[in-house]
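>>> need a 3D model of the following:
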Amino acid sequence: MKNKLLALSFFLLIGSGVIAQSGYQWKTATTDGYTYKYVTNDPTKSRFYTLKNGLTVILSQNLKEPTIEFRMAVRAGSNTDPRTATGLAHYLEHLLFKGTDKFGTMDYAKEKPLLDKIDGLYEQYNKTTDPAKRKEIYAQIDKTSGLASNYSIANEYDKMIKAIGGQSSNAHTWYEETVYNEDFPANATDKFLALQAERFRNPVFRIFHTELEAVYEEKNRGLDNDAWKMEEKMSALLFPTHNYGQQTTIGTIEHLKNPSLVEIRKYYNKYYVPDNMAIVLAGDFNPDEMIKKVDKSFAFMQSKPVTLYNPAPEKPLTKIQKVDIYGPSAESVEISYRGYAENTKQSMLLDLISSILANGKAGLFDINLNKQQKVLRSSAGYQQMKDYGVFNMSAQPKQGQTLEEVQKLLLDQIEILKKGDFDESLIKATVANSKLGLLQAFDNNAYRVDAATNEFILNRGTKWDKSLSNPDEMAKITKSQVTAFAKQFFINNYVIAFKHKGEDKNIAKVEKPAITPVNTNAAETSVFTKDLLEAPTNPIAPKFLDYKKDLNYGKVGIADVITVQNKENSIFRLSYRFEMGALNNMLQPYASQYLTFLATDKYSAEQISKEFYNIACTYSINVGNEVTTINISGLQENFEKAVTLVEHILANCKPNEQALVELKSRILKARENNKLNKSAILGGLMNYAQYGASNPFNSTSSNEEVKNITSDQLISILHNIDNFKHTITYYGPQTLEAFTESIGKLHKLPAAFSPEPQAKKFTYTNNATNQVYFADYDMVQSEIRWIRNGSAFNPDLTAKVNLFNSYFGGGMGSIVFQTIRESKALAYSTFAVYSSPDRKDKNYAMIAYVGSQADKMNDAVAGMNELLNVLPQADKSFDASKYNALNALETSRVTKDDIIQSYFADQKLGIDHDSRIDEYNGLKPLTFADIKAFHTSNVAHKPYNYCIVASEKKVKLEDMQKFGTVTKLTLEQIFGY
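All right, here's what the predicted structure looks like:
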């Protein structure tokens, strides 16, 4: 949910540039009395309006599907938090989902005196230091909050968003921004704008102490995150004066414990004003009509000047500063340099240098470190903020390698850069690859609004022309300019962090306060909500696929061909799809990895990477458990070059014994690191619970078997892969006839396909009693997943399953979220779904999750079990869930090569048509009684497997034994090595 996110950098988002055009100039136009600015040759055709009250509105029309992406951007974040109340902007972000005096409440006149009392109690609490007195005041806060909750309606905002068809409600806070995200159907525009206007008119900060507890949980999740700790400590050294380093978005534990609703209200009144805000919209609308609607909806906002954060300049860093981070995750090294302000020549150079060092194919890191396997993995990037940027390099050590050795390898690449030991063509190739990235990125409404939002945050959108012309300017940069700048910039003025595996003896946590569950009143509806939802909406007709008409079918030799013609641009995406994977041959994933380091009789491995980068094409071999694909993509003008090169590589790759030795060492090291990853551990527990000791997760080669892998084994797989049955798929400008003729000349096929190796099969567990699978991990929180195997796949259940998931456990308006997080404040993250299989021969699974403080584990388990056994009835929530499910199908548009992927997904389920047709028709007659019956038959009062990852120092064995029979699994049992 409303996670702390890193702000999206326009240049990180779409590479370093846009489609090269001549002349990006600001122009002004007026339509129907509304004046706007735009930039010539802007591929997004964005319009920049400033309304009379100072509100910025940015509109980008995109008619390809009947949906609209929305951002409400505020130029205020952790930078503008008061020094004595860090984390305040982030609290406020959470509270903007709680409603106003018109919604989120049944009777605001009766609720308000209680809310005012809570405000006063928090002020007393903050000024009190005596622990006993603080406890007494908090008890009053808890009691008064309970009384106030008799009048509140929890998550009514989320229910409205769901009811009008919204799909992705979220928000984030970062250094200089707070941004609210929505995605809604075009036919709900009037309702949506009315809701947003009301949301920001007079927000009421209700249900605060339980929401604050969710923020505590978010803080504790951060304290369990080694990367988060590393970033915080490095930022403090990079920015000893600026709030980039002196204040964190989540806030300090001390400030979290002493919140002030009075200060939050002051912050809102100061920064949430139209002169400091922007509405950004991209999608299916007429901009001339949309601006009128936005203006009318937000005319209530009054212009007010804003004084933003204006820090003193940082003094230059003059020495190397080192920090050591300890925690259970894998070791790594990170080196950061302080960069420059946005839209400067220096920032452009650093952005370019990041691609020269690491672009995934032909950068110095890619060739000298990753390709030569000198480290486990390495990367580089430039992150741009408003006042400064951060240039970052990182790497993980391979087996037996020290962190100091990794540090030297990273810095050696900087020395190579300074000397100019790189091909100047990298600069041109970077621009060419950015063009390709943009062709794909700006087709997506979310990319459009995020790019424009970031521009507003950085410079109020005034430099959009410069951002668009950035690639043209970057293309002018010479190698000598890069080396000269590198010599001046990369000196001994960096911050370096060594991440060690070990116990963090200084780790803290936010303690759990005593909280009485509040009433959610989920069945109630405010007058505002009733009126909003009853307003008529013009329906949108669904558009489903007809696989016989929307796909083109052909043959090349003995291989089936499926194509979709790209009539929009020159991008192509080609795949060879094999219905076999790692479960057919455990060596297949290793062969794919090995190929990266192999030369042919014509090219070195380095030359291959550079050639693909130079022609702005990519290729990959993706090996799943059951499906393998060879993927090639790029611009159609380079289609023949790219395909010819891939065919040559597969047919002519040669053994490299030293590369294999290094690869096996890296595989073994990566396996060690996997055992330090709590997400991987939890995933392994889930597989163990679902299938038993032998399962898809741990069905892999032993370490000894890895050590004994030979080049002949892997080369044989690569040379012979095209001899197995595969389907050729193509999305691109060519017609079916033209494509089959082209690919027929380039792709060699056998006279007959070889039979695939038999895939390994697994048996589902069927436990008659509750089982607990526990893995010990050094962490503040506990993570618990419930899982039980359900019945075999039945296409007739799809509509019912999806509606149940939406109502019960999917999203902020669901029963699970409202109860576990909103009412009982037991977790920051929680969900529950009846998971559908991806193949007709697999079973459903009921899965639930709670991530909470370890000392809340018992309460969290009890809370979830209550919901698993008894399904609460909330008619308005059910109606909203059903409308949302229908609307999602009505407004979704499957296009381009997604049509091909949809076809294969349905084929795997044994369905020969667009399965959404059956789901849509199946949804219409469903009632709550159907969902309740489904819950009773498939979820309630059933034995479950509990998968728990937590520190055995913080959870008790006797508590887990109350859930079921406890089995503590070793990492070897979980991972299979």
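>>> going by C-alpha atoms from here, please, whenever you check contacts or count neighbours.
Fine.
>>> show me where the stretch 601-750 of the chain has strands.
Assigned by DSSP state E, counting those that start in this stretch, the strands in the stretch 601-750 of the chain fall at 618-623, 628-635, 726-732.
>>> just the CA coordinates of the first one, formatted as PDB?
Below are the C-alpha coordinates for strand 618-623, written out as PDB (Å, rounded to 0.1, in the frame of the first residue of the first chain):
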ATOM      1  CA  THR A 618      18.300  -7.200 -27.200                       C
ATOM      2  CA  TYR A 619      18.100 -10.900 -26.900                       C
ATOM      3  CA  SER A 620      17.600 -13.300 -23.900                       C
ATOM      4  CA  ILE A 621      16.900 -16.900 -23.100                       C
ATOM      5  CA  ASN A 622      14.400 -17.100 -20.300                       C
ATOM      6  CA  VAL A 623      14.100 -20.600 -18.700                       C
END
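>>> next one: it to chain centre, how far?
22 Å (C-alpha atoms, centre = their mean, to the nearest Å).
>>> give me the helices and strands touching that strand, please.
In terms of contacts (3 or more C-alpha pairs under 8 Å, 6 or more residues apart in numbering; DSSP states H and E), strand 618-623 is packed against helix 588-595, strand 628-635.
>>> so that strand versus strand 628-635, what angle?
Taking axes from the mean of the first three to the mean of the last three C-alpha atoms, to 10 degrees, one finds strand 618-623 and strand 628-635 inclined to each other by 170 degrees.
>>> now do strand 618-623: everything it contacts.
If you take C-alpha atoms under 8 Å, 6 or more residues apart in numbering as the criterion, strand 618-623 is touched by 581-582, 588-589, 592, 612, 628-634, 642, 646.
>>> ok, the second one next?
Counting by C-alpha under 8 Å, 6+ apart, the neighbours of strand 628-635 from elsewhere in the structure are 436, 570-581, 616-623, 639, 642-643.
>>> closest one of the contacts of strand 618-623 to G363?
F612 (12.0 Å; C-alpha to C-alpha).
>>> number of nearby residues for that closest one?
Around F612 there are 21 other residues, counting by other C-alpha atoms under 10 Å.
>>> the stretch 201-350 of the chain: strands as residue ranges?
277-283, 321-327, 332-338.
>>> other SSEs contacting the first one?
Spelled out, that is strand 277-283. Using 3+ C-alpha pairs under 8 Å, 6+ apart: strand 277-283 touches strand 56-61, strand 67-74, helix 445-459.
>>> buried set for whichever helix or strand comes after the last one?
The element immediately downstream of helix 445-459 (helix or strand, assigned by DSSP states H and E) is helix 464-475. Neighbour-count burial for helix 464-475 flags W464, D465, K466, S467, L468, S469, N470, P471, D472, M474, A475 (criterion: 16 or more other C-alpha atoms under 10 Å).
>>> re the thing from before, got JSON lines for the strands of the stretch 601-750 of the chain, with mean neighbour count, distance to E211 and mean pLDDT too?
JSON lines is the format used below for those (neighbours: other C-alpha atoms under 10 Å; distance: least, C-alpha to C-alpha, whole Å; pLDDT from 0 to 100):
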{"stretch": "strand 618-623", "mean neighbour count": "18", "distance to E211": "42", "mean pLDDT": "97"}
{"stretch": "strand 628-635", "mean neighbour count": "21", "distance to E211": "45", "mean pLDDT": "97"}
{"stretch": "strand 726-732", "mean neighbour count": "23", "distance to E211": "47", "mean pLDDT": "99"}
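>>> how about these in TSV, adding distance to S701?
Converted to TSV, these look like this (distance: least, C-alpha to C-alpha, whole Å):
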stretch	distance to S701
strand 618-623	15
strand 628-635	18
strand 726-732	25
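>>> out of these, which comes closest to V449?
strand 628-635 (24.9 Å).
>>> what strands flank that closest one, and is each parallel or antiparallel?
Paired strands of strand 628-635, with direction, are strand 571-578 (antiparallel), strand 618-623 (antiparallel) (DSSP bridges).
>>> with just CA atoms, put the longest one into CSV.
Okay, so that is strand 571-578. C-alpha atoms of strand 571-578 as CSV (Å, rounded to 0.1, in the frame of the first residue of the first chain):
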residue,chain,number,x,y,z
ILE,A,571,9.4,-2.0,-33.0
PHE,A,572,9.5,-5.8,-33.3
ARG,A,573,9.5,-8.5,-30.7
LEU,A,574,10.3,-12.1,-31.7
SER,A,575,10.1,-15.2,-29.6
TYR,A,576,10.8,-18.9,-30.0
ARG,A,577,8.6,-20.6,-27.4
PHE,A,578,9.4,-24.1,-26.1
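>>> so it versus strand 726-732, what angle?
170 degrees.
>>> what lies in contact with strand 571-578?
Contacts of strand 571-578 (C-alpha under 8 Å, 6+ apart): 436, 439, 566, 627-636, 639, 724-733, 897.
>>> so who does the residue located most distally from the centre of the chain touch?
Residue farthest from the centre of the chain, counting by C-alpha atoms, centre = their mean, is A751 at 44.5 Å. Contact analysis of A751 by C-alpha under 8 Å, 6+ apart lists I558.
>>> pLDDT wise, what is it at?
Here the pLDDT value assigned to A751 is 97.
>>> pretty sure it sits in a helix.
No: counting by DSSP: H, G, I helix; E, B strand; the rest coil, A751 falls outside a helix, being coil.
>>> hang on, the earlier thing: right, and the helices and strands packed on strand 618-623 - which one's nearest Y268?
strand 628-635 (46.9 Å).
>>> can you check what angle separates the closest one from helix 588-595?
40 degrees.
>>> next one: strand 628-635 to chain centre, how far?
So, by C-alpha atoms, centre = their mean, the centroid of strand 628-635 is 23 Å from its chain's centroid.
>>> could you do stretch 705-718 as well?
Worked out by C-alpha atoms, centre = their mean, stretch 705-718 lies 35 Å from the chain centre.
>>> could I get the strands paired with strand 628-635 in JSON lines, plus columns for distance to P287?
Output for the strands paired with strand 628-635, formatted as JSON lines (distance: least, C-alpha to C-alpha, whole Å):
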{"stretch": "strand 571-578", "distance to P287": "28"}
{"stretch": "strand 618-623", "distance to P287": "37"}
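>>> relative to N945, how far out is A680?
18 Å (C-alpha to C-alpha, to the nearest Å).
>>> neighbour count for these two, which is higher?
Each of A680 and N945 has its neighbours counted (other C-alpha under 10 Å); N945 has more, 28 against 16.
>>> which residue packs closest to the more buried one, ignoring adjacent ones?
Q771 (4.7 Å; C-alpha to C-alpha, 6 or more residues apart in numbering).
>>> residue contacts, the one you found?
P943, Y944, N945, Y946, F963, G964, T965, V966, T967 are the contacts of Q771 under C-alpha under 8 Å, 6+ apart.
>>> equivalent analysis for L714, please.
By C-alpha under 8 Å, 6+ apart, the residues touching L714 are L587, Q588, Y590, A591, Y594.
>>> again with V850
By C-alpha under 8 Å, 6+ apart, the neighbours of V850 are E783, I784, R785, A827, S829, T830, F831, A860, V861.
>>> ok, of those residues, which one's closest to K954?
Of the contacts of V850, the one sitting nearest to K954 (C-alpha to C-alpha) turns out to be E783, at 12.2 Å.
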